[in-house]
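Visitor: Can you look at this prediction? I've put the sequence above it.
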Amino acid sequence: MGIPTPSGCQHCGVEQRSHARRWTEAAGWHPWTAPTQEQMKARMRARRAKVASFFGGARRRRSGTAEGGER
Ligand SMILES: [Zn+2]
């Protein structure tokens with residue numbers, strides 16, 4: 001978890017299907033609210049970045065230990 005679905009609520013990121021009414025500090029009690037275009041884009045970017053860093057990090061860590069002791 002951590003990153004909400006791109007189409008999740010504008011205030012809390014919960015999907016419309018399972019939203020009902022939720023409370024957040026910023027918005028208080030609210031029904032599901034459509035996210036803005038900017039939010040959707042930002043979430044998609046965040047998701048992609050997270051996946052990339054997961055694979056990149058695993059690869060980097062492996063090669064890092066291999067090169068670590070050389071000198
Ligand atoms: Zn919400």
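Guide: On my side now, so go ahead.

Visitor: Buried residues, stretch 23-41. List them.
Guide: Within stretch 23-41, the residues scored as buried using 16 or more other Cβ atoms under 10 Å are 30, 32, 35, 39-40. Every residue, glycine included, has its C-beta placed from N, CA and C.

Visitor: what do you get for stretch 9-20?
Guide: Judged by neighbour count (16+ other Cβ under 10 Å), stretch 9-20 contains these buried residues: 9, 11-14, 19.

Visitor: now the residues you listed as TSV including secondary structure and distance to the ion?
Guide: Output for the buried residues of stretch 9-20, formatted as TSV (DSSP: H, G, I helix; E, B strand; the rest coil; distance: Cβ to the ion, whole Å):
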residue	secondary structure	distance to the ion
Cys9	coil	3
His11	coil	4
Cys12	coil	4
Gly13	coil	7
Val14	coil	5
His19	coil	6
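
Visitor: Which one of these is nearest to Gly56?
Guide: Nearest to Gly56 out of those is Gly13 (Cβ to Cβ; 24.7 Å).

Visitor: Chain neighbours aside, what residue packs nearest to that closest one?
Guide: Pro4 (2.6 Å; Cβ to Cβ, 6 or more residues apart in numbering).

Visitor: Enumerate every residue touching the one you found.
Guide: Residues near Pro4 by Cβ atoms under 8 Å, 6 or more residues apart in numbering: 12-14, 43.

Visitor: Arrange the residues you listed in CSV, one row each, with pLDDT as further columns.
Guide: Below are the contacts of Pro4 laid out as CSV (pLDDT from 0 to 100):
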residue, pLDDT
Cys12, 94
Gly13, 94
Val14, 95
Arg43, 95
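
Visitor: and which of the residues you listed is nearest to Trp23?
Guide: For the contacts of Pro4, the nearest to Trp23 is Cys12 (8.4 Å; Cβ to Cβ).

Visitor: How about the residues of the protein by the ion?
Guide: Contact residues, the chain versus the ion (Cβ under 5 Å from the ion): 9, 11-12, 22.

Visitor: The same query, at a cut-off of 8 Å, please.
Guide: Counting by Cβ under 8 Å from the ion, the residues of the chain close to the ion are 8-14, 19, 22, 24, 27, 30-33.
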